[in-house]
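A.B. asks: quick one: sequence plus predicted model below, questions after.
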Amino acid sequence: MKKFLVMLTIAATLFGFGCGGKKCVFNSQTTPAIYEATFVESSNSGEVMVKASGIGCSIEQATEEAKKTAIWFVLEGGDKPILKNQNEKLKAAGLEAQMYANTAKYIRWTSDIKSKTKDGGKTKLTYIFKVDAAMLTQELAAAEIITTEDELGEQLGLPTISVFADKGGDSAKIAVTVLQEYLQDNSYEVYKQAQSDKVNSLVSKLSALEGGETDPQHDLALSLGTDIYAKVSMLSQNGSVGTKATVTIEVYETASGKMLGSTTGYSAERRADPNALVQEAVNDASMKVLSQIKKEWMEMSKKGKPFKVTVLASAANGSAVDEAVYGSLKALSQRPIKRQAGGKSTFSYIIYIKDIQNAYELFQAVKKSYNGPGTLEKVSDSGSFLVFKAAGDGEIELTIE
């Protein structure tokens, strides 16, 4: 009996040394035990694929921890998280705990185990998850922790957007369609270019008059009257495994031509339908572009929305009309006005104004305070582009000087 007890004691001692003399302690916190995750792709406008790791005392525990890590990544990690600042993160702490406790509600798909290792006596597993980012966003918005695009649109009015294929042929055209659908899914008003759409002749003349290198896509966006326009370029490359698609999206203010953001998205390299690779690359870039647009538009709501204003006058009274209009515009804006090149009787300005939603309202405000030669008459108002003339002060003719 003593011999049996001695052997049992030795076996227990050896087992203790084999485990490092420590009992495996599972993570008792609501937050993930580790924060190891990377973005894979945006599978569609509402779901995100994330490669995430978790650690636990068993496979079941490590798997659940990996799911928590994936949800954390969508909420707070990565370069475009749902929770944008520390204030939102603090407000969301209680709701986040509930989300981590109910991961199955937000995980739409789980891959096979991608890697399995031992870490300090615990099991570490890595998976790829498809996370329902749209549901997480909706619940945070319902709790008044964040503002959704719909709410932003009600408060500020979301910008209208036109999307153009820049480089890449038919693949770029497919990418344009995917991006348009993504923007529409997020409540933005998208102007789809038709075959019949062309640059307005007035816009063409004004662009030539202002000099410099003209951008036909900028001019078409002005003609369509959209607040913002995007250029989409596609590139496909053949590798050792298959084909990889790369999309570059550049976003601009239409009124000023200022770039608001630029991003690049990639597909995985594999043998697949080229259209599927294009869609994958666009989905990768779309979340970043959407975040850039939202950030810039919210900034515009604080500092003022951009308008391009062009005034036509007679050569005899051009200087007096210019001075009077400039004075009216300056009274409406708290920011400096940018004057663009023009002739002796044509004048263009870029102005940022708060609390005026469209070019027609701007014209009414300028007309009310104008005290120069002639009477102001509207020639064209389209989105954030306004053209008017000072009638009755002599013959007005738009010519390229």
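C.D. replies: Looks like it came in fine.
A.B. asks: in this structure residue 254 contacts residue 383, no?
C.D. replies: Yes: using CB atoms under 8 Å, residue 254 makes contact with residue 383 at a distance of 6.8 Å. Using the backbone N, CA and C atoms, a C-beta is placed for each residue, glycine as well.
A.B. asks: which one of the two is surrounded by more residues?
C.D. replies: When residue 254 and residue 383 are compared for neighbours, residue 254 comes out ahead with 30 against 23, by other CB atoms under 10 Å.
A.B. asks: shared neighbours, residue 254 and residue 383?
C.D. replies: Common contacts of residue 254 and residue 383, defined by CB atoms under 8 Å, 6 or more residues apart in numbering, comprise 222, 226-227.
A.B. asks: narrow those to those in strands?
C.D. replies: Judged by DSSP state E, strands contain none of the shared contacts of residue 254 and residue 383.
A.B. asks: closest to residue 352 out of these?
C.D. replies: Top of the list for closeness to residue 352, among those and by CB to CB, is residue 227 at 12.7 Å.
A.B. asks: mean confidence for the top helix by length along the chain?
C.D. replies: Longest helix in the chain by number of residues, with DSSP state H as the criterion: helix 274-303. Mean pLDDT, taken over the full extent of helix 274-303, equals 82.
A.B. asks: contacts for the helix or strand just after it?
C.D. replies: Using DSSP states H and E, the helix or strand that directly follows helix 274-303 along the chain is strand 305-312. Strand 305-312 has contacts (CB under 8 Å, 6+ apart) with 206, 222, 227, 253-256, 258, 300, 321-322, 325, 329, 342, 345-354, 356-357, 359, 362, 366, 379, 384-390, 396, 398.
A.B. asks: sorry, back to before: now the longest helix of the chain, how far from the centre of its chain.
C.D. replies: Using CA atoms, centre = their mean, to the nearest Å, the mean C-alpha position of helix 274-303 is found 3 Å from that of the whole chain.
A.B. asks: give the buried residues for it.
C.D. replies: Buried positions in helix 274-303, judged by neighbour count with 16 or more other CB atoms under 10 Å: 277-294, 296-297, 300.
A.B. asks: same question for stretch 215-230.
C.D. replies: For stretch 215-230, the buried set under the neighbour-count rule, 16+ other CB under 10 Å, comprises 217-230.
A.B. asks: among these, which are located in helices?
C.D. replies: Per DSSP H, the buried residues of stretch 215-230 map to helices at 217-224.
A.B. asks: hmm, which of the contacts of strand 305-312 are the buried ones?
C.D. replies: Neighbour counting by 16+ other CB under 10 Å classes 206, 222, 227, 253-256, 300, 321-322, 325, 329, 342, 345-353, 356, 359, 362, 366, 379, 384-390, 396, 398 among the contacts of strand 305-312 as buried.
A.B. asks: without its sequence neighbours, what residue ends up closest to the most centrally placed residue in the chain?
C.D. replies: Most central in the chain under CA atoms, centre = their mean is residue 290, positioned 1.5 Å from the mean C-alpha point. Setting aside the residues directly before and after it, residue 290 is nearest to residue 186 in space (CB to CB, 6 or more residues apart in numbering), at 5.9 Å.
A.B. asks: my guess is that neighbour contacts residue 291, does it?
C.D. replies: No: taking CB under 8 Å as the definition, residue 186 is not a contact partner of residue 291, at 10.6 Å.
A.B. asks: got any residues that touch both of those two?
C.D. replies: A shared contact of residue 186 and residue 291, defined by CB under 8 Å, 6+ apart, is any residue touching both; here there are none.
A.B. asks: what about the strands in the stretch 1-150 of the chain?
C.D. replies: In the stretch 1-150 of the chain, the strands defined using DSSP state E, counting those that start in this stretch lie at 37-44, 47-56, 107-110, 115-119, 122-132.
A.B. asks: got a list of contacts for stretch 76-95?
C.D. replies: Outside stretch 76-95, the residues that reach it (CB under 8 Å, 6+ apart) are 35, 37, 39, 73-75, 133, 136-137, 139-140, 143, 145-146, 287-288, 291.
A.B. asks: which ones among those residues are found in helices?
C.D. replies: 73-75, 133, 136-137, 139-140, 287-288, 291.
A.B. asks: point out where the stretch 301-401 of the chain drops to low pLDDT.
C.D. replies: 341-342, 393-401 (pLDDT under 70).
A.B. asks: repeat that for 80
C.D. replies: Judged by pLDDT under 80, the stretch 301-401 of the chain has its weakly predicted residues at 301-302, 341-344, 392-401.
A.B. asks: the helices in it, which residues?
C.D. replies: Applying DSSP state H, counting those that start in this stretch to the stretch 301-401 of the chain gives helices spanning 318-332, 359-369.
A.B. asks: residues of the last one that come out buried?
C.D. replies: Read it as helix 359-369. 359, 362-363, 365-366.
A.B. asks: what mean pLDDT does stretch 48-60 have?
C.D. replies: Per-residue scores along stretch 48-60 average to 94.
A.B. asks: ok, now stretch 98-117?
C.D. replies: Averaged across stretch 98-117, the pLDDT comes to 95.
A.B. asks: mind starting the numbering at 369 from now?
C.D. replies: I'll keep to 369 as the first residue from here, and by that count the last item is stretch 466-485.
A.B. asks: list the contacts of stretch 402-416.
C.D. replies: Outside of stretch 402-416, the residues within contact range by CB under 8 Å, 6+ apart are 417-423, 433, 437-438, 440-442, 445-447, 476, 492, 494, 496, 498-503, 549-550, 553-554, 635-636, 648, 651-652, 654-655.
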